[in-house]
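Novice: Curious how this folds, go ahead:
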Amino acid sequence: ILITTDGGSYASMARGSLNDSSVLTIGDGCANPEACWEAQRQMNPPGRSVNMVSEFYTGWLTHWGEQNQNTSSVETAVHLESVLSTGGSVSLYMAHGGTSFGWWAGANGDSPIASYKADLTSYDYDAPVS
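Specialist: A predicted model of the protein is given here:
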């Protein structure tokens, strides 16, 4: 099975997915699980969608110069319950920490280059197991 994973809304999925193809679309984040499942159904062939969050964020990255990100375990548990209570499943992103070596840590930002934000090499994302 081949999948793409993009944000949990139809607009995000439409930017990075192949609508109605054999490459299935699964949302990540999915702040609103029911809306995410509906978007997945719109993108995938009939009967080929699963109620899944491909990247259930247990934490978030930190950019150079920022305070370390710290997520609430209570908020994470509430969001997890909202997904599971609709019959959904998740893949934890990140379940455990690690390190990105060299220049592989990545970055975020839009054009222009002034918005470039390099990620720290620690890849723990405030993960449950660090």
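
Novice: for the residue of the chain positioned farthest from its centre, helix, strand, or coil?
Specialist: Largest separation from the mean C-alpha position in the chain: residue 114, at 24.7 Å (C-alpha atoms, centre = their mean). Recorded secondary structure, residue 114: helix (DSSP: H, G, I helix; E, B strand; the rest coil).

Novice: remind me which residues of the chain are low pLDDT?
Specialist: The model of the chain has pLDDT under 70 over residues 111-112, 123, 130.

Novice: Do a quick rundown of the helices in it.
Specialist: Assigned by DSSP state H, the chain shows helices spanning 10-16, 33-43, 73-84.

Novice: Turn the ones you listed into a markdown table, columns for mean neighbour count and distance to residue 4.
Specialist: No exception for glycine: its C-beta is placed from N, CA and C like everyone else's. Formatted as a markdown table, those follow (neighbours: other C-beta atoms under 10 Å; distance: least, C-beta to C-beta, whole Å):
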| stretch | mean neighbour count | distance to residue 4 |
| --- | --- | --- |
| helix 10-16 | 15 | 6 |
| helix 33-43 | 20 | 9 |
| helix 73-84 | 13 | 19 |
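
Novice: Export these to JSON lines and append columns for distance to residue 118.
Specialist: Shown next, in JSON lines, are the helices of the chain (distance: least, C-beta to C-beta, whole Å):
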{"stretch": "helix 10-16", "distance to residue 118": "23"}
{"stretch": "helix 33-43", "distance to residue 118": "29"}
{"stretch": "helix 73-84", "distance to residue 118": "25"}
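
Novice: So for residue 126, which of those sits nearest?
Specialist: With respect to residue 126, and counting by C-beta to C-beta, the nearest of the helices of the chain is helix 73-84 at 9.2 Å.
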